[in-house]
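K.L.:
quick one, fold the following:
(3 chains)
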Amino acid sequence: MSDSPIAVEQHGPEHLHHFADAEQQRDAASLGMWLFLATEIMFFGGMFLAYLVYRYWYYNEFAAGSRSLDISLGTINTAVLICSSLTVALGVRAAQMGNRKLLVILLLLTIVFGFAFLGIKGVEWYQKFEEHHIPGRSFNAGDLIKEYPQIHIDPQHEQIYFSLYFAMTGLHALHMIIGVGIFVFLTYHAWKGRYTPKYYTPIEIGGLYWHFVDIVWIYLFPLLYLIDRKPLR
Amino acid sequence: MFDNFPLWPVRASAGAGNTDALFIFLLALSAFMCLAIFTMILVFATKYRRQRGVEAEQIEGSTELEITWSIIPLGIFMVIFAWGAVIYFHERTPPKGASEVYVVAKQWMWKLQHQEGAREINELHVPVGRDVKLIMTSQDVIHSFYVPAFRIKQDVLPGRYTTAWFRATRPGVYHLFCSQYCGTMHSGMIGQVVVMDPPQYEAWLSGGGTSGSLAASGESLFQQLGCVTCHRSDAQGRGPNLVGLFGKPVHLEDGRTLIADENYIRQCILSPSTNIPSGFKPIMPVFGGLVSEEQLTALVAYIKSLSPAASGAAGGPSLAPAGTRSQNPKE
Amino acid sequence: MATVAVSAEREHYLNKEYGIRSWLLTTDHKRIALLYLVSITFFFFIGGFFALLIRLELLTPAGDLVQADTYNKLFSMHGQVMIFFFLIPSIPAVLGNFLVPLMIGAKDLAFPRINLLSWYLLVIAGVIYIHCIATGGVDTGWTFYTPFSTAFSNTRVIEAGIAIFIVGFSSILTGLNFVVTIHRMRAPGMTWSRLPLFIWAHYATSIIQLLGTPVLAITLLLVVFERAFNLGIFDPTRGGDPLLFQHLFWFYSHPAVYIMILPAMAVESEVVACFTRKRIFGYNFVAMSSIAIAVFGFLVWAHHMFVAGISLYSALIFSILSYLVAVPSAIKVFNWTATMYKGSISFTTPMLYALGFIGLFTMGGLTGLFLSALGIDVHVHDTYFVIAHFHYIMVGGAVMGYLGGLHFWWPKISGRMYPEAWGRLAALLVFAGFNLTFFPQFILGYMGMPRRYWQYPPEFQVLNVLSTAGSTILAVGYVLPMVYFLWSMRYGKIASDNPWGAAGLEWKTSSPPPTFNFDETPEVTWEAYNYEEIPAPAEVPVER
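P.N.:
Got it, this is the predicted structure:
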């Protein structure tokens, strides 16, 4: 095909005209998404670095702040995301098999899980608001200082823990919202029958993105919630 | 406009010559490299300009040449690195026994306080030939203390002390610039360093602007703020005895060992819960927000004075002796 | 575009479709390149205007042209506009976008719609930034150091931060597009070792864009959050560390300078090869140097922080690494010079820019050796010495590379020749004006004049006046090409497919190229820079 003239051929979405063939297009899409995820690692990486440094310096405040998070909600959210990654993976399989109905159901389930995660996160944030743990003028770490007399908490440094908590979970939530948006788009097109065993690349790369957002949470959960959960003396 | 047209800064410190020497070497090296490359280009451009009937000769390359012109520059670079590193090491290691000047930078002025108590604003008087160590902090944003004639510069940070040192060698008046952009009047945050012969310096010192030594005002603060209640000089106090503390290692309750330098003392006053010495309870009140930077420097100076040969003993809050962890996590 | 009178019979990418929709909704990489050309030229003149005001203020020691706060905004916005809205996009988004598919024999980039999105991100960010300028501007310096930017500045920091955040993604997506394209869409026979060095250098640039820019994005985002939501991450009164910001900021901003210079080196290789009519000496070494610069460039960021309060040991490590990164750049300069040996050299406008590049980049690079020396840096850090150093590289290097490249590929892009005599005049004016503007600044820096100073002691005046005089000559040199490039689109000589007799796939298609680049997909059976097989054409002047 290498010396064929560039005629005005009708290509489906699986072979856009500027690619030599469908395989090249698939490879390009896959490489593109992996590279994009590498940029996302660097993006979150800056915040993980800040977290690392401050946790090392202000361990007590980080431990106390971590204990003040609702571990059951955090665990449920972790389970929700892991299940959503399962539905995504099964969705890719369904697309490979050409099972349109199953694909749509799985995509919808993923979206439901996504909303569940965001809802629970909203509840957690509201809890923080009520406890006056939002950094800024109304911040008050008095409850933590009273609750943990055996460790030494500087209320100013405590603000840093919560600043990072909100920045990290907030950015993660933003990525979830974008992910849900992407999956709404995918669900619509899946329902319209756009994805076939010959062409399901968007499902695959959308899935990659979703898995990445899941993995970020899997790091965030222990780092934010599980700093020091030993029973108190 | 033309009567003052110097092209080289004056040398007024013991270290200035070292910096200039390396600079001149680099100038010579650069001039040589530029001359070599520009000459080659000129020669090639002339000799090999396009002429009818003469084709270019396709040359793939030469691995020997590539290796040569990689290794030789690398070797020269390592020499430059080492030379520069030695100068830098010297610049960042204040000598023992240096007299100390505390500097507080704020938008947009320099506040300086001599050990003996003299206070200055935007001016620093020093005698020729004396090692002077600057212990500096900022009240607001990052500033930088720069004296071109001494070839020294050090950023001044909020929240911690940084140090610099020099030994002036030439009487005169030299520019002091803030060289880290700090807002509206960054370019107005300038002053002068006045280097005097020792007799004139003594005369200036006793002339006024003194209100007791820094350590003495620190001592009265120590009483006023109630520190003396717990930090007694016998073993009965609820807080550690501070006599002889400065410059020594302190074993903390959480297992770390830190050197009690300026930054350590400052931390303890502002945020006591971060450094609880082992065997003591975490009951010291927090003074962060209750003492100004000037008061902090006075307290630090007082506590230092409680140790024999205290000033300069620790060599500044930058390097920890081998075997201890970094005494200030903010390094 | 209906006024462009090229040979009307043949269809090509400029006349295939007319109308504003065909431009604003295009996915043709060549049209997108021109969209970028217009946008970044606009920002170049805004940044240049700020520079002019700065130089005018600095004619006298007193602050008498503008107020101190205004001056602080001028240098901040000059830096931000020039770096983020001009230099970083410039060569990759204009020349790279246009040429990468052509050079490798592809019909377009891997993701044409993302390419268009990249341009729109630049435009949206630009609109936000213009709004920022119009509503008060920003005065944090281009470096946004905390806590000044987070807690003390009274200017539009959030808006500027958001604008730069968005334009960062423009850069990331361009890099992503190039990497995937170069990996996956090379024509049959176009192996890695047959790629033009332009492609190697853009590949290295794209890696930096991909991996470095996100760190800037998160850093600026944290600054914006801190200001908007009163977080405490960089606030010293709450235990935040101002040095943390600096580490995060410079982790991107040092590699960023390699984003700005590598593409100029890309142009340099192509132009030198063509106008010496030879393969670049040491092709493998030049290609590998690009990769080495990209890798090592990520390891040296704290050489911007030698006096910031980092430990002595950190400083030693970063100093020695900074010397390592100088080696590949030196290798390239030697190889370009060696290429001239036994070449057949002509002095066209692109070649004049290329020769000027070698000279100025060498000088700028050598002064980098000064700055990497710890003992010297203590004295010259944050002075005009640093300003002179980076302008030698970014203006003497990158901008001259950009202009040289524009002239070299102008016939391919527009189908027209620019007027050669005017081209040479402008190149000489740029070279002369540049040196007069920036060489005195080396002296000013060693003398001790700090940067970002609205007013200064009188003994610095003479050198400042010289510098300002140079900047007026430089300005003329920059305006001239704008005028004659526009002129050439209507009145310039019609260009043949390959007016320079250059090697490279882009010269095997028509000028301007058809929308899908090639009439038939090329099959490459020859090495790069096969000048022994290409006759020199009429356009290239013969000196005897």
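K.L.:
how about the helices in the stretch 401-544 of chain C?
P.N.:
Chain-ordered helices for the stretch 401-544 of chain C, with DSSP state H, counting those that start in this stretch as the definition, fall at C:420-447, C:461-491.
K.L.:
list the helices and strands the last one packs on?
P.N.:
Meaning helix C:461-491. In terms of contact count using 3 or more CB pairs under 8 Å, 6 or more residues apart in numbering or on different chains; DSSP states H and E, helix C:461-491 is assigned the packing partners helix C:29-57, helix C:400-414, helix C:420-447. (C-beta placed from N, C-alpha, C; glycine too.)
K.L.:
how far out from the middle of the chain is that helix?
P.N.:
How far helix C:461-491 lies from its chain's middle: 18 Å, per CA atoms, centre = their mean, to the nearest Å.
K.L.:
got the angle for it vs helix C:400-414?
P.N.:
10 degrees (axes from the mean of the first three to the mean of the last three CA atoms, to 10 degrees).
K.L.:
which of the helices of the stretch 401-544 of chain C sits most buried?
P.N.:
Across these, averaging neighbours per residue (mean count of other CB atoms under 10 Å in any protein chain shown) puts helix C:420-447 on top, at a mean of 21.
K.L.:
please identify the helix or strand for B:V126.
P.N.:
strand B:123-127 (DSSP states H and E).
K.L.:
and if you look at B:V104?
P.N.:
Under the criterion DSSP H and E, the helix or strand holding B:V104 is strand B:99-106.
K.L.:
need the contact list for whichever residue of the stretch 101-250 of chain B sits closest to chain A.
P.N.:
Nearest residue of the stretch 101-250 of chain B to chain A, counting by CB to the nearest CB: B:G159, 10.8 Å away. The neighbours of B:G159, taking CB atoms under 8 Å, 6 or more residues apart in numbering or on different chains as the test, are B:137, B:330, C:236-237, C:239, C:241-242.
K.L.:
and C:P481, how far from chain A?
P.N.:
Using CB to the nearest CB, to the nearest Å, we find C:P481 at a distance of 32 Å from chain A.
K.L.:
so what's that residue up against?
P.N.:
Residues near C:P481 by CB under 8 Å, 6+ apart: C:403, C:406-407, C:418, C:423, C:426.
K.L.:
repeat that for C:K107.
P.N.:
Taking CB under 8 Å, 6+ apart as the contact definition, C:K107 lies against A:6, A:17-18, C:101, C:516-518, C:521.
K.L.:
okay if I get the helices of the stretch 401-544 of chain C as a markdown table plus distance to C:P188 and mean pLDDT?
P.N.:
Rendered in a markdown table, the data for the helices of the stretch 401-544 of chain C read as follows (distance: least, CB to CB, whole Å; pLDDT from 0 to 100):
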| stretch | distance to C:P188 | mean pLDDT |
| --- | --- | --- |
| helix C:420-447 | 37 | 97 |
| helix C:461-491 | 35 | 96 |
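K.L.:
okay, the contacts of C:P481 in CSV with distance to A:A173 next?
P.N.:
Rendered in CSV, the data for those read as follows (distance: CB to CB, whole Å):
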residue, distance to A:A173
C:L403, 46
C:L406, 45
C:H407, 50
C:Y418, 53
C:G423, 54
C:A426, 53
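K.L.:
quick one: low-confidence parts of the stretch 201-331 of chain B?
P.N.:
Along the stretch 201-331 of chain B, the parts satisfying pLDDT under 70 run over B:207-212, B:235, B:309-331.
K.L.:
same check on chain C?
P.N.:
Scanning chain C with the threshold set as pLDDT under 70 gives C:1-9, C:538-544.
K.L.:
go again using 50 as the cut-off
P.N.:
C:1-3, C:5, C:7, C:544 (pLDDT under 50).
K.L.:
name the nearest residue to B:F23, ignoring sequence neighbours.
P.N.:
By the measure of CB to CB, 6 or more residues apart in numbering or on different chains, the closest residue to B:F23 outside its immediate chain neighbours is C:I376, 5.8 Å from it.
K.L.:
for B:I87, same thing?
P.N.:
The shortest distance from B:I87 to any residue that is not its chain neighbour, by CB to CB, 6+ apart, is 2.7 Å, and that residue is C:G375.
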